[in-house]
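Asker: Everything below, folded, please.
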Amino acid sequence: MIDYRLLFRRAPTPLLVLDPGLIIAEASDAYLAATLTRREDIVGRHIFDAFPDNPDDPGADGVAAINASLQRVLRDRAPDVMPVQKYDVPQPGGGFATRYWAPLHAPLINAHGDLEFIVQRPEDVTAFMIAQTADGRLGRLTEELRRRIGQAEAEMLARRQLQQQQHETMQVLVDSLTTAVFGCDTLGRPVLCNDAARALAGERLDGAPAAQWPQRLHLHDPAGQPLTEAGNPLVRALHGEHVQDAEVVMRIPDTPARTFLMHAGPIEGRADVVAVVAMNDVTALRRAARLKECELQLAQLLATAEPTEDVLVDVVQLIGSLIGWVAAEVWIVDEVGQVLRRAAGWTAGEPVPSGDELPTRAWRSNQPLWATGPGDDRAALAVPMSSDGVVLGVLTCYSDTTEAPDDTRTAILTGIGAQLGAFLERRRFGNLAAELDRTRDEYAALVGHEVRTPLTKIQAYAELLLDEPGLAADHHDMVQVLHRNAGILSIIVHKLLDVAGLRSGHLEIHRRAMDLASVVREAADAARERAPRNVGIDVDAPATAPIHGDPERLRQVADELLNNALTWAAEPSTITVSITADAHATVLSVSNSGEPVRADERDRLFDLFFRGDAIRHSGIPGSGLGLTLVRAVVEQHGGTIQVSDPADRLTVFSVRLPTRPTASKSPGGARP
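Answerer: You can find the predicted model right below:
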């Protein structure tokens, strides 16, 4: 083992060790010999108490010069070389001995980055300086010594100037960055920083080691939890790890949260700065990404959801939670009273603000409005929900801090407001359509009931007249026409009542095990009796087609589809009726080769009272109820009906019915 204390003391070079308070901590034997002192007389004393200026020399300035050099070392933490200095030393017997020195002061930095000692190396050049007045040889030696000392001083000064220039250039460079940059010592305390870092941290990090950064800067992880030591990028850098893109959130009370990407890493070869940390503010980028994600999810929600008021609850929760508001609410314009009413609200724990002043102003102005007046403890943004320039409601979002108006959030939420306006318009149209549909069904039922009674009486009296034996032949023919047309009207009325009852759910479907094939064959036989002579009807069906259904209602379906096919069948031609089945569905198809359905009328074929242009202009009789009745019966059985594409050679109506028993559709579910 090397005894470093002994090694220091026996070093052939004069060395003096001072603490930062300039108290003598140690001296080498060569130093004691050069200064005519003993170790026990100077250790523990202030350097200038142990070595004062010579009181007999009026021009003595050694204390001032040496002190100035030591202060530069304390300030710059860099070596300082002095020119030759006359500094007399006290003699043991009294008085002062003349001495000339060439001092060098160097800092000693400990493992924590602190300046722990200053080492003074004073070269005794007394003999050389005195020799300046002796013979030429000594004079030349003295001049050579002065030249060499001056050269060393110049080199040291040049190095210090280069380091200073490099430091100043680097400082200007990092100050130009918007990213906050901190240079830290071995404990993580900031010792260097740029303007962005000073603006970010202020004085909160003064003297703070790495472990205190999360508390001093209010740093949290993306989940909102306080940053742990394991998640602290600076701590990891001090352990030699390079950290890239570590996301942290700064949550200073009463200020908006800010998101940063932190980069940290160790620095090799320096004692004062051992790690560097950079904090890049990505708050705007993260906020814009969340806004776009919210807009996308909201569009998907509104596109798939039924336009009911319950959806608005999901809307405000999505907007509030995804974008980072603490509360959100939707206000709807009451068209009758022309006032706003609160339709839905969401809060992340904060109470939803009361009052409609801000939403009302946004409604009246049809402009997005921020509320960030002086004294407000929170910010709010109200966005109109418009459709074709008409404000149907207002979306209002609240923050728990005072914020400056944000153009990005304003623009995105204005777009969201337009989506919600279209949704409200769709909901309004849906409500109007449902109300119109309900009213139409009620009207059909009312008319049917009112007409059925007089028609029944007309038919009864017509039958009595036809049985009258003395009725003249021409009168008999007129009564017969009257009876036949009353029968036609009676069929239409009964069909109208069936449609209204099935669509409103007032008529029940009586299901039981049945054979669809036999029902269809009976309907085909009946249709052949009323078919034109050169129009045939072929049935392609298995021997049996068991399903669970109402035979009477499904017979109506077959009759109406065959009636429709006979109406449009070309002459001569054949109408084909087919049945196919598997374990899940049974398909009834009726096809004819007549005039195809027009593309613009295809989606309206099953609407109540709809009759196409061709049938209305050709004078073909009809009520527009047959296909509506078919659809109502099929949907009450849990099935579907569709018509082939107009470009196809044949016009085919296909009914799909569940083969196995299934629940009936709820009342009102079979609307066209």
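Asker: can we go C-alpha only for contacts and neighbour counts from here?
Answerer: Noted.
Asker: From Q85, how far off is the residue most central in space within the chain?
Answerer: With distances taken as C-alpha atoms, centre = their mean, R290 lies nearest the centre of the chain, 2.2 Å away. Noted for R290: a distance of 69 Å to Q85, by C-alpha to C-alpha, to the nearest Å.
Asker: Same question for G345.
Answerer: Applying C-alpha to C-alpha to G345 and Q85 gives a distance of 83 Å.
Asker: ok, Q225 to F260 distance?
Answerer: Distance, Q225 to F260, by C-alpha to C-alpha: 15 Å.
Asker: Spatially, what comes nearest to V273 if we skip its sequence neighbours?
Answerer: The shortest distance from V273 to any residue other than its chain neighbours is 4.8 Å, reached at D185 (C-alpha to C-alpha, 6 or more residues apart in numbering).
Asker: Check the one you found and give its pLDDT.
Answerer: For D185, the model assigns a pLDDT of 89.
Asker: Can you name the residues that contact it?
Answerer: H112, G113, V191, A271, D272, V273, V274, A275 (C-alpha atoms under 8 Å, 6 or more residues apart in numbering).
Asker: for T396, same thing?
Answerer: T396 touches A328, E329, V330, W331, P359, A380, L381, A382, V383, counting by C-alpha under 8 Å, 6+ apart.
Asker: Pull the number of nearby residues for the nearest residue to L187 once chain neighbours are set aside.
Answerer: Excluding the flanking residues, the one nearest L187 by C-alpha to C-alpha, 6+ apart is P209, at 5.3 Å. Using other C-alpha atoms under 10 Å, P209 has 17 neighbouring residues.
Asker: ok, P209 touching Q215?
Answerer: No - the criterion here is C-alpha atoms under 8 Å, and P209 misses it with Q215 at 10.9 Å.
Asker: Q225 and F260: who's more crowded?
Answerer: Neighbours were counted for Q225 and for F260 using other C-alpha under 10 Å; F260 has more, 21 against 11.
Asker: how about that one, secondary structure?
Answerer: In three-state terms, and counting by DSSP: H, G, I helix; E, B strand; the rest coil, F260 is strand.
Asker: any idea of the mean pLDDT in stretch 378-394?
Answerer: 83.
Asker: which intervals of the stretch 251-400 of the chain have sub-threshold pLDDT?
Answerer: Along the stretch 251-400 of the chain, the parts satisfying pLDDT under 70 run over 270-271, 291, 303-309, 324, 335-337, 349-354, 372-377.
Asker: And the strands in it?
Answerer: Secondary structure of the stretch 251-400 of the chain (DSSP state E, counting those that start in this stretch): strands at 258-266, 275-281, 327-334, 339-347, 369-371, 380-387, 390-398.
Asker: I'd like these written out as TSV, with distance to A25 added.
Answerer: Shown next, in TSV, are the strands of the stretch 251-400 of the chain (distance: least, C-alpha to C-alpha, whole Å):
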stretch	distance to A25
strand 258-266	33
strand 275-281	31
strand 327-334	66
strand 339-347	66
strand 369-371	66
strand 380-387	65
strand 390-398	64
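Asker: Identify whichever of those strands lies nearest to L219.
Answerer: strand 258-266 (9.4 Å; C-alpha to C-alpha).
Asker: Show me what the closest one packs onto, helices and strands only.
Answerer: helix 233-238, strand 243-250, strand 275-281, helix 283-304 (3 or more C-alpha pairs under 8 Å, 6 or more residues apart in numbering; DSSP states H and E).
Asker: okay, those, which one's buried deepest?
Answerer: Mean neighbour count (mean count of other C-alpha atoms under 10 Å) peaks for helix 233-238 among the helices and strands packed on strand 258-266, with a mean of 24.
Asker: could you dump it to CSV, C-alpha only?
Answerer: Written as CSV, here are the backbone C-alpha positions of helix 233-238 (Å, rounded to 0.1, in the frame of the first residue of the first chain):
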residue,chain,number,x,y,z
PRO,A,233,-34.1,10.2,-16.7
LEU,A,234,-31.5,12.2,-14.9
VAL,A,235,-31.0,9.5,-12.2
ARG,A,236,-30.6,6.9,-15.0
ALA,A,237,-28.1,9.2,-16.8
LEU,A,238,-26.0,9.5,-13.6
